[in-house]
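[1] Using only what follows, build the 3D model:
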Amino acid sequence: MQRVLVATDSDQIFDEVDAALAGPETTVSRRRNGREVRSAVIELEPDLIVLDLQIGSMGGMATCMDLRLEESGGRLEPQSILLLLDRDADVFIANQSGADGWLIKPTDAGRLRRAARAIRRGESFTELGHTAIG
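    Okay, the predicted model is just below:
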């Protein structure tokens, strides 16, 4: 069974991710703020974490950086992280966060599935036409 953890305070974003990724072999869980993600990762052991850039109480970038810090300290196993961005200008933030991939909202089921598959395979994923900075 695959497990996806979504961190967003937007019902619309959660519904889109859930509709695209949930299925007979995949469960999708939700946390409404970034501060809850680390404990949820320990509890749920997700195969993929989807972080909304704009979530209350510790945004997606800070949450991603927190998880990467915990990994580097040996307190968490490496995580597969997809960051959902608000606009093209957020690409710089995504590259600095340590996320394995990112999508610019609004998302759609096809893009979410492609990104999830690539990241679960250990590949990075970015929007077509955008490249890493730095």
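[2] Mind pulling up the pLDDT for the residue nearest to residue 45 when sequence neighbours are not counted?
    Leaving aside its sequence neighbours, residue 45 sits nearest to residue 3 (C-beta to C-beta, 6 or more residues apart in numbering; 6.7 Å). For glycine as for every other residue, the C-beta is placed from the backbone atoms N, C-alpha and C. With respect to pLDDT, residue 3 scores 98.
[3] ok, residue 66 - contacts?
    By C-beta atoms under 8 Å, 6 or more residues apart in numbering, residue 66 lies in contact with 34, 37-38, 58.
[4] so the residue nearest to residue 45 is in which element?
    Per DSSP states H and E, residue 3 falls inside strand 2-7.
[5] which outside residues touch that strand?
    Counting by C-beta under 8 Å, 6+ apart, 13-14, 17-18, 21-22, 25-34, 36-37, 40-41, 44-52, 55, 60, 63, 116, 120 sit against strand 2-7.
[6] what does whichever helix or strand comes after that strand rub up against?
    Downstream of strand 2-7, the first helix or strand assigned by DSSP H and E is helix 11-21. Defining contact as C-beta under 8 Å, 6+ apart, one finds that helix 11-21 is touched by 4, 6, 8, 28, 30, 48, 50, 52, 84, 105-109, 112-113, 116.
[7] Kindly recompute the last result at 6 Å.
    4, 6, 8, 28, 30, 50, 52, 107, 109, 112-113, 116 (C-beta atoms under 6 Å, 6 or more residues apart in numbering).
[8] Distance from the helix or strand where residue 94 lies to the middle of the chain?
    According to DSSP H and E, residue 94 maps onto helix 91-97. Taking C-alpha atoms, centre = their mean, to the nearest Å, one finds helix 91-97 lying 13 Å from the centre of the chain it belongs to.
[9] and it, which residues are buried?
    Of all the residues in helix 91-97, those buried under the rule 16 or more other C-beta atoms under 10 Å are 91, 93-95, 97.
[10] how about CSV for the residues you listed, with distance to residue 76 added?
    Converted to CSV, these look like this (distance: C-beta to C-beta, whole Å):
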residue, distance to residue 76
91, 26
93, 22
94, 20
95, 21
97, 16
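[11] now those as CSV including distance to residue 124 and pLDDT?
    Listed next are the buried residues of helix 91-97 as CSV, based on distance: C-beta to C-beta, whole Å; pLDDT from 0 to 100:
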residue, distance to residue 124, pLDDT
91, 13, 88
93, 16, 84
94, 11, 86
95, 10, 87
97, 12, 91
